[in-house]
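Undergrad: Have a look at this prediction, sequence included:
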Amino acid sequence: MRFKWLIAFASLLVLACSLGVDADGDGTDWDWAYSIARDAVDERYGEHWYVRSFGAEYLNISGNLYEGMTFPEWDVYFSDGTERVLWVFIHEDGQFSIFEYDSSYYYNVPLSSTYNSHYVQSWLLTASQVYREMTGRNDDVCYELDCESQLYGCDLVTIYLFNEELEGLGYVELLPWNNQITEFWF
């Protein structure tokens, strides 16, 4: 009986170690999240999977997970070109979960780039500046991000802005490689 408990404990210890991959970094930005997601997918499913979209709920203006939110997280969606998609859900402590689902209702076009944290920060700053210039207010403190590949071959970023009470203030859509705004609403 003790042997079974020892095996169960060892299994839980191994699982806990694998859930905390790269969790001791300096921040919780996109580079950090992508590294965790990429390593997890490569290890469990192979290196042939590509990123088709990613996003976060919720971020501060520097692109790190927002500390004022109870459960901020990064989401990374991988595809292998079939209807199968891997959704990697990454918590602020570096723990992650991977979910598999059928995406027959969606297209699985790869992003034109995986981008990096500098891009993400630039997108957030652009959205904040537009909001502040258009409204004359500076109450945006938290952001939600979606970066998706589009069927017509162009990536698109949508940033939702929130105040301290996490009330929605509006959104900005932009092209990721040059921050050209395609649409906004406040």
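TA: Structure received.

Undergrad: for residue 147, what are its contacts?
TA: Residues in contact with residue 147, defined by Cβ atoms under 8 Å, 6 or more residues apart in numbering, are 53-55, 111, 115, 155-157, 176. Placement of C-beta: from N, CA and C, glycine included.

Undergrad: just for the chain, where's the confidence low?
TA: Along the chain, segments meeting pLDDT under 70 span 1-26, 68, 104-106.

Undergrad: cutoff 90 now
TA: Low-confidence segments of the chain (pLDDT under 90): 1-26, 67-71, 81-83, 102-109, 114, 150-154.

Undergrad: Do a quick rundown of the strands in it.
TA: With DSSP state E as the criterion, the chain has strands at 50-59, 73-79, 84-91, 96-102, 142-149, 155-162, 168-174, 181-185.

Undergrad: Export the first one to PDB, keeping only CA atoms.
TA: Below are the C-alpha coordinates for strand 50-59, written out as PDB (Å, rounded to 0.1, in the frame of the first residue of the first chain):
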ATOM      1  CA  TYR A  50       2.100  26.800 -35.400                       C
ATOM      2  CA  VAL A  51       0.500  29.700 -33.700                       C
ATOM      3  CA  ARG A  52      -2.800  30.800 -35.300                       C
ATOM      4  CA  SER A  53      -3.800  33.300 -32.600                       C
ATOM      5  CA  PHE A  54      -3.000  34.500 -29.100                       C
ATOM      6  CA  GLY A  55      -4.400  36.900 -26.500                       C
ATOM      7  CA  ALA A  56      -4.500  37.900 -22.900                       C
ATOM      8  CA  GLU A  57      -7.000  38.700 -20.200                       C
ATOM      9  CA  TYR A  58      -5.800  41.100 -18.600                       C
ATOM     10  CA  LEU A  59      -2.600  43.200 -19.200                       C
END
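
Undergrad: Show me what that strand is packed against.
TA: Other helices and strands packing on strand 50-59, by 3 or more Cβ pairs under 8 Å, 6 or more residues apart in numbering; DSSP states H and E, are helix 30-45, strand 73-79, strand 142-149.

Undergrad: Swap in 10 Å and give it another go.
TA: Applying 3 or more Cβ pairs under 10 Å, 6 or more residues apart in numbering; DSSP states H and E, we find strand 50-59 packed against helix 30-45, strand 73-79, strand 84-91, helix 117-135, strand 142-149, strand 155-162.

Undergrad: swap in the last one?
TA: Using 3+ Cβ pairs under 10 Å, 6+ apart as the contact criterion, the secondary-structure elements in contact with strand 181-185 are helix 117-135, strand 155-162, strand 168-174.

Undergrad: Between strand 142-149 and the last one, find me the angle.
TA: What it means is strand 168-174. Here the directions of strand 168-174 and strand 142-149 differ by 30 degrees (axes from the mean of the first three to the mean of the last three Cα atoms, to 10 degrees).

Undergrad: The second one now?
TA: With the same axes, to 10 degrees as the basis, strand 155-162 and strand 142-149 are set at 170 degrees to each other.
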